[in-house]
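S.K.: dropping the sequence and predicted coords here.
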Amino acid sequence: MFCRRALPVNTLEVVKRLHRGLRGQCNSSYTGYIVTKTTSQEAHSQGWLLLIHQLPPKPTNLRVRIWRKLQKLGAVSIKNSVYVLPANDKTNEDFQWLKQEIESAGGEAAVFRADSVEGATDKEIIVAFRKARDAELAEITAQLDVLAGSICDQTHGKHLSAGRLAAHETELDRLHAELERVIANDFFEAKGRTAAVTAYQRCQAIIRSTQTPARKESKSPRKSDTLATRDYQGRRWMTRRNLHIDRLASAWLIKQFIDKHPRFYFVAEGETDPNAIPFDMFGAEFTHQGEDCTFETMVKRFGLSNVKGLRELGEIVHDIDLKDDKFQRLEAAGLNAIIDGLSETFPDDRKRLQQATVIFDSLFRLLDKQGEKKPSKTRPARKIVRKK
């Protein structure tokens with residue numbers, strides 16, 4: 001199928017005829033097929049997945065769109081319109097979705113599994129993957145170095161304003177997300193990974209060193225005092241990684257009711273940032289106090305207890321987080337199941353918080369509009385009547 005001579009013009013038609021001949025050997029995921037019997041000196045034990053496609057002339061932007069998606073998947077081209085990924089369940093799913101998109105746009109595509117590929121040894125394919133990742137990592141490293149240089153120059157020149165610092169942090173978050181994407185596609189440990197990670201850590205440390213430490217008087221005010229949200233604008237907020245109900249709800253509360261432009265940092269156990277405001281962490285001001293979970297603590301400290309939707313949402317979060325059935329909220333089981341689902345679907349904390357925000361927004365609207373009577377264990381849930 002893939003030989004050293006040039007591929008025929010209608011490559012996909014050749015593949016389709018071969019595919020029909022092997023139909024009895026196929027499963028629902030992809031075709032199992034040994035492309036060549038030759039053995040590479042550097043064998044890739046799991047084999048390869050190959051996507052072969054032909055695109056229609058219109059829409060004109062389809063070719064660019066498909067190419068960009070292939071780049072995001074980390075696929076490399078071994079022939080014209082033939083792309084390869086290491087074979088595993090995730091890469092197969094990625095190629096299958098892309099195949100479906102191509103076919104929906106009027107193109108043709110096929111996904112094959114190959115133990116090896118004629119015309120390219122496993123070693124050559126692996127080198128191609130490393131070269132592609134090294135190019136992406138080098139670009140990210142260069143951008144991180146430029147960002148670090150700009151911050152240092154502005155700091156030394158004493159013209160690093162709060163607005164510029166916020167813009168730098170946003171850019172660092174963007175580069176971090178791009179770095180994580182490339183690392184996820186770095187199947188064969190490209191040499192440039194270490195330099196890119198080091199550049200990110202250096203840039204992160206420079207930004208942290210420029211931060212003004214949180215004012216001590218705001219860290220330990222009297223419990224009877226209500227904190228003013230105006231003193232907590234554009235701040236850095238820190239909590240533990242792997243967000244669940246209390247930290248997700250508290251982060252939502254901060255963003256929607258306390259700080260209009262918060263910057264969240266999710267740290268490993270034992271890690272800290274002296275310039276950030278910790279919440280739901282041991283020894284923090286904003287954490288469990290008495291019988292209250294962190295969400296309830298923050299609602300009370302910022303004088304938001306008069307907001308009915310927040311009070312009731314706090315009861316639901318309390319019952320899920322502390323598991324004491326203090327308020328016996330019927331909604332707790334459902335919300336807990338949804339949060340568990342988000343945790344499985346979105347391992348990245350930022351993406352998980354983004355998705356959870358929609359859920360908390362919707363639940364808050366419902367709770368804030370309902371009457372003062374809330375559902376109990378013995379009373380069926382009230383029917384929601386659509387407004388005409």
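M.R.: Received, thanks.

S.K.: help me confirm that residue 111 is found in a helix?
M.R.: No. Counting by DSSP: H, G, I helix; E, B strand; the rest coil, one finds residue 111 to be strand, located in no helix.

S.K.: skipping adjacent residues, who's closest to residue 268 in space?
M.R.: Of all residues not flanking residue 268 in the chain, residue 241 sits nearest, at 6.0 Å (Cβ to Cβ, 6 or more residues apart in numbering). Placement of C-beta: from N, CA and C, glycine included.

S.K.: mind listing what's buried in the helix or strand hosting residue 366?
M.R.: Using DSSP states H and E, residue 366 falls within helix 349-369. Buried residues in helix 349-369, counted by 16 or more other Cβ atoms under 10 Å: 349, 352-353, 355-356, 359-360, 363-364, 367.

S.K.: stretch 322-329 too?
M.R.: Residues of stretch 322-329 classed as buried: 327, 329 (neighbour count, 16+ other Cβ under 10 Å).

S.K.: break this protein down into its domains, please.
M.R.: Using automatic domain parsing, the domain parsing of the chain gives 11-120, 125-210, 217-369.

S.K.: now render the ones you listed as JSON lines, adding mean pLDDT.
M.R.: JSON lines is the format used below for the domains of the chain (pLDDT from 0 to 100):
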{"stretch": "domain 11-120", "mean pLDDT": "75"}
{"stretch": "domain 125-210", "mean pLDDT": "91"}
{"stretch": "domain 217-369", "mean pLDDT": "90"}
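
S.K.: do a quick rundown of the helices in the stretch 251-388 of the chain.
M.R.: Secondary structure of the stretch 251-388 of the chain by DSSP state H, counting those that start in this stretch: the helices cover 294-301, 308-322, 331-345, 349-369.

S.K.: nearest to residue 57, out of those?
M.R.: Closest of the helices of the stretch 251-388 of the chain to residue 57 is helix 349-369, at 36.0 Å (criterion: Cβ to Cβ).

S.K.: helices or strands next to the closest one in the packing?
M.R.: Here helix 349-369 is seen to pack against helix 245-253, strand 263-267, helix 308-322, helix 331-345 when contacts are counted using 3 or more Cβ pairs under 8 Å, 6 or more residues apart in numbering; DSSP states H and E.

S.K.: show residues contacting the last one.
M.R.: With Cβ atoms under 8 Å, 6 or more residues apart in numbering as the contact definition, helix 331-345 has outside contacts at 242, 244-245, 248, 316, 319-320, 352, 355-356, 359, 363, 375.

S.K.: same deal with the second one?
M.R.: Residues outside strand 263-267 that contact it (Cβ under 8 Å, 6+ apart): 166, 169, 234-241, 243, 251, 273, 276, 349-350, 353.

S.K.: weed out the non-buried ones from these.
M.R.: With burial judged by 16+ other Cβ under 10 Å, the buried subset of the contacts of strand 263-267 is 169, 235-240, 243, 251, 273, 276, 349, 353.

S.K.: longest helix anywhere in the chain?
M.R.: The helix that spans the most residues within the chain, counting by DSSP state H, is helix 122-156.

S.K.: okay, buried residues for that helix please.
M.R.: Quick answer for helix 122-156 (16+ other Cβ under 10 Å): 122, 125-126, 128-130, 132-134, 136-137, 140-141, 143-144, 147-148, 150-151, 154.

S.K.: what is the next helix or strand after that helix packed up against?
M.R.: Using DSSP H and E, the helix or strand that follows helix 122-156 in sequence is helix 162-184. The contact analysis (3+ Cβ pairs under 8 Å, 6+ apart) places helix 162-184 against helix 122-156, helix 192-210.

S.K.: and helix 162-184, how far out from the chain's middle?
M.R.: Between the centre of helix 162-184 and the centre of its chain there are 13 Å (Cα atoms, centre = their mean, to the nearest Å).

S.K.: angle of that helix against strand 263-267?
M.R.: Orientation check (axes from the mean of the first three to the mean of the last three Cα atoms, to 10 degrees): helix 162-184 against strand 263-267 gives 40 degrees.

S.K.: report the separation between residue 312 and residue 229.
M.R.: Using Cβ to Cβ, to the nearest Å, residue 312 is found at 21 Å from residue 229.

S.K.: which residue is the nearest non-sequential neighbour of residue 102?
M.R.: Nearest-residue entry for residue 102: residue 109, 4.3 Å, with adjacent residues in sequence omitted and distances by Cβ to Cβ, 6+ apart.

S.K.: hmm, I typed the wrong one, I wanted residue 55.
M.R.: Residue 55 sits nearest to residue 107 (Cβ to Cβ, 6+ apart), 4.5 Å away.

S.K.: with residue 77 instead?
M.R.: Leaving out its chain neighbours, the residue that sits closest to residue 77 by Cβ to Cβ, 6+ apart is residue 83, at 5.5 Å.

S.K.: cool, residue 72 as well?
M.R.: Nearest residue to residue 72, sequence neighbours excluded (Cβ to Cβ, 6+ apart): residue 181, at 7.0 Å.

S.K.: the one you found contacts residue 133, correct?
M.R.: No. Counting by Cβ atoms under 8 Å, residue 181 does not reach residue 133; the two are 10.9 Å apart.

S.K.: picking up where we left off before, which two of the contacts of helix 331-345 have the greatest separation?
M.R.: Based on Cβ to Cβ, the longest span within the contacts of helix 331-345 runs between 242 and 375 and measures 30.4 Å.
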